[in-house]
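Trainee: I would like the atomic coordinates for the input below:
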Amino acid sequence: MDRQAIFYEESRRFEFVMGAVALYWRPGPASLMRAQLDRISAVAALTNVTVGVIPLCTKVADVWCDHSFNIFDDREDAQDPFVHAETLTTPVNATDQADVAAYQDAFRRLQDAAVTGEDARQLITEASRSL
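Mentor: Down below sits the predicted model:
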């Protein structure tokens, strides 16, 4: 939970996108999943956080990414953005700006396919009820 304190620093901005199927993935018991979904919903309500969920059937996602990634773009310290991707065996950091630009484009396209705000929270709630 200490790591999550950063979400409450209003000077920072966070944007997340996930496929709705991630809301139904069960790596643990239902009680754990309900707690996880409740936490996602609570964080999504923060004014400096946007949580996007790509619905299973109602939107077209014209980009495919078979691994998660994070784009770190901290404008306060003027560092160049970089991408951190988790693979099955090894984490990878991409610093080449052409690679970063490709991930930024993919993220924007995934954002376009996602719903946010109350629509996203409704999908999270539905997933929690399914448990």
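
Trainee: okay, which residue is most central for this structure?
Mentor: Among the residues of the chain, the one closest to the centroid is residue 16, at 2.7 Å (CA atoms, centre = their mean).

Trainee: same for the helix or strand harbouring that residue, what does it pack against?
Mentor: According to DSSP states H and E, residue 16 maps onto strand 14-19. Where contact means 3 or more CB pairs under 8 Å, 6 or more residues apart in numbering; DSSP states H and E, strand 14-19 is packed against strand 49-54, helix 97-113. Yep, even glycine has a C-beta here, placed from its N, CA and C like the rest.

Trainee: For the ones you listed, could you give me TSV that also reports mean neighbour count, distance to residue 63 and mean pLDDT?
Mentor: Formatted as TSV, the helices and strands packed on strand 14-19 follow (neighbours: other CB atoms under 10 Å; distance: least, CB to CB, whole Å; pLDDT from 0 to 100):
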stretch	mean neighbour count	distance to residue 63	mean pLDDT
strand 49-54	21	10	96
helix 97-113	15	4	94
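
Trainee: ok so, going back, which ones are touching the residue nearest to the centre of the chain?
Mentor: 49-52 (CB atoms under 8 Å, 6 or more residues apart in numbering).

Trainee: Adding distance to residue 119, write those residues out as a markdown table.
Mentor: Listed next are those as a markdown table, based on distance: CB to CB, whole Å:
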| residue | distance to residue 119 |
| --- | --- |
| 49 | 15 |
| 50 | 12 |
| 51 | 11 |
| 52 | 9 |
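
Trainee: how far away is the residue nearest to the centre of the chain from residue 80?
Mentor: 22 Å (CB to CB, to the nearest Å).

Trainee: same deal with residue 115?
Mentor: As defined by CB to CB, residue 115 lies at a distance of 31 Å from residue 80.

Trainee: Next: residue 97.
Mentor: 7 Å.

Trainee: Neighbours of the nearest residue to residue 4 once chain neighbours are set aside, how many?
Mentor: Leaving aside its chain neighbours, residue 4 sits nearest to residue 43 (7.4 Å; criterion: CB to CB, 6 or more residues apart in numbering). Using other CB atoms under 10 Å, the number of residues around residue 43 comes to 16.

Trainee: Fine, thanks again, bye for now.
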